[in-house]
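Student: For reference, the sequence and a predicted model appear below.
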Amino acid sequence: MPTPDVEHTPDGVQLAYGPRVPLLMFSGRVKAGVESRWTSHVSIGKTALELLGLPALGVPRLDDAVSLTDLVQADPSTPAPPAFGS
């Protein structure tokens, strides 16, 4: 599947969706599974801003990025570890 041709530097280097780098999100609050939508590294910053309840920064590339907050659950999905000595 070809990557979308979206964003380039002035000298023609593809920025968005160029080299593909996987993102691993792990936590007791992150839903298990594989996410197939296209995002960029800017989505990490956008997600952090939303999860922390911070305002937009006035940078269109960041403020308009796809957020991954829908992958984070309000309550942990993993059980607490067993008590010491049990």
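Tutor: Noted; the coordinates are in hand. Predicted, not measured: the structure shown is a model, and the values here were computed from it.
Student: drop to CA atoms for contacts and neighbour counts, all remaining ones
Tutor: Fine.
Student: distance of residue 47 from residue 67?
Tutor: Per C-alpha to C-alpha, to the nearest Å, residue 47 is found 5 Å from residue 67.
Student: mind checking pLDDT for residue 17?
Tutor: pLDDT for residue 17: 61.
Student: From residue 12, how far out is the closest residue to residue 74 other than its chain neighbours?
Tutor: For residue 74, ignoring the flanking residues on the chain, the nearest one in space by C-alpha to C-alpha, 6 or more residues apart in numbering is residue 29 at 6.8 Å. Separation of residue 29 from residue 12 (C-alpha to C-alpha): 39 Å.
Student: Which one's more surrounded, these two?
Tutor: Per other C-alpha atoms under 10 Å, whichever of residue 29 and residue 12 has more neighbours is residue 29, with 15 against 8.
Student: Hmm, the more buried one is touching residue 69, no?
Tutor: No: the pair residue 29 and residue 69 fails to qualify as a contact (C-alpha atoms under 8 Å) at a distance of 10.6 Å.
Student: one step back: which residues sit in contact with the residue nearest to residue 74?
Tutor: If a contact means C-alpha atoms under 8 Å, 6 or more residues apart in numbering, then residue 29 has 72, 73, 74, 75, 76, 77, 78 as its contacts.
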